[in-house]
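In: take a look and give me a structure for this.
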Amino acid sequence: MVDHAITQQGEFNLVGSRTKFVSGLTDSLGVKADDEIYNQGAIITTCTHDPPHYGIRAGKLKFIPNKVAVMSFAQVEIARVPTPIFLPFGFSL
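Out: Next up, the predicted model:
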């Protein structure tokens, strides 16, 4: 568990207040499972500043690189100010 981690995944930056990285393990058949990133208090953004100027703040986020991102209740945030734009959940392939 890492506090205040910044992870770059493709064009997105994931900033999490608490982050857990689970490396994919290889099973007995030699098939490697996917890496997984879990975040609490996550901000998904393309801004490269710390703290980011804008982004989508999610309570919880599960991210599997190059596959899927699933997040709980989220809100658009600009200049660290929450906006009235809410997303009940997020899912991306």
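In: give me the beta-bridge partners of the residue nearest the centre of the chain?
Out: The structure's the chain has its C-alpha centroid closest to Leu14; by C-alpha atoms, centre = their mean the separation is 4.6 Å. The partner list for Leu14 in beta bridges (DSSP bridges) reads Thr7, Ile44.
In: quick one, what contacts it?
Out: Ala5, Ile6, Thr7, Gln8, Ile37, Asn39, Ala42, Ile43, Ile44, Leu61, Phe63 (C-beta atoms under 8 Å, 6 or more residues apart in numbering). The C-beta positions use only the backbone N, C-alpha and C, and glycine is treated the same way.
In: just the pLDDT for it.
Out: With respect to pLDDT, Leu14 scores 80.
In: please apply the same query to Phe63.
Out: 84.
In: which SS class is it?
Out: Put simply, Phe63 is strand when judged by DSSP: H, G, I helix; E, B strand; the rest coil.
In: distance check, Leu14 against Thr26.
Out: According to C-beta to C-beta, to the nearest Å, Leu14 stands 25 Å off from Thr26.
In: what does Pro51 give?
Out: Per C-beta to C-beta, Pro51 is found 37 Å from Thr26.
In: between these two, point out the one with more neighbours.
Out: Between Pro51 and Thr26, counted using other C-beta atoms under 10 Å, Pro51 has the larger neighbour count: 14 against 9.
In: tell me the pLDDT at the nearest residue to the more buried one once chain neighbours are set aside?
Out: Leaving aside its chain neighbours, Pro51 sits nearest to Arg80 (6.4 Å; criterion: C-beta to C-beta, 6 or more residues apart in numbering). We note a pLDDT of 88 for Arg80 in this prediction.
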